[in-house]
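Student: what follows is a protein structure lacking sequence information:
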């Protein structure tokens, strides 16, 4: 859990947030390619998730799960106030 405070603004267009379980979440904006790059470093056997949208309804989510060689980042989408569902593969 984090209060979302950006603790590091270097390099340019970057924000690093420390998580309470000794994890770190870094967001960089690549202005050359107009993309956001998310990097999540968390202890094994833990997870972190982020959601974004105008509200908790119809919200895009990504869940980072640290599980050794089976670690993953999976995207979900919430509809209404129901449990988010796994997004189909593209």
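Tutor: Perfect, I can see it now. Source: prediction; values computed, not measured. Numbers count the residues shown, from 1 in each chain.
Student: hey, let's count contacts and neighbours off CA atoms from now on
Tutor: Noted.
Student: where along the chain do the strands fall?
Tutor: For the chain, the strands defined by DSSP state E cover 14-18, 24-30, 35-41, 46-52, 60-66, 72-77, 85-86.
Student: mean pLDDT and mean neighbour count added to the ones you listed, as JSON lines?
Tutor: What follows is those, written out as JSON lines (pLDDT from 0 to 100; neighbours: other C-alpha atoms under 10 Å):
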{"stretch": "strand 14-18", "mean pLDDT": "78", "mean neighbour count": "19"}
{"stretch": "strand 24-30", "mean pLDDT": "84", "mean neighbour count": "17"}
{"stretch": "strand 35-41", "mean pLDDT": "85", "mean neighbour count": "14"}
{"stretch": "strand 46-52", "mean pLDDT": "84", "mean neighbour count": "15"}
{"stretch": "strand 60-66", "mean pLDDT": "89", "mean neighbour count": "18"}
{"stretch": "strand 72-77", "mean pLDDT": "89", "mean neighbour count": "16"}
{"stretch": "strand 85-86", "mean pLDDT": "75", "mean neighbour count": "12"}
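Student: report the contact partners of residue 28.
Tutor: By C-alpha atoms under 8 Å, 6 or more residues apart in numbering, the residues touching residue 28 are 13-15, 36-38.
Student: for the chain, list the residue farthest from the centre, please.
Tutor: Within the chain, the residue lying farthest from the chain centre (C-alpha atoms, centre = their mean) is residue 32, at 21.5 Å.
Student: residues contacting the residue most central in space within the chain?
Tutor: What sits nearest the mean C-alpha location of the chain, by C-alpha atoms, centre = their mean, is residue 50, with 4.3 Å. Residue 50 is in contact with 61-63, counting by C-alpha under 8 Å, 6+ apart.
Student: residue 45 reaches residue 64, doesn't it?
Tutor: No: the pair residue 45 and residue 64 fails to qualify as a contact (C-alpha atoms under 8 Å) at a distance of 10.8 Å.
Student: of the contacts of residue 50, closest to residue 24?
Tutor: The closest of those to residue 24 turns out to be residue 63 (C-alpha to C-alpha; 14.2 Å).
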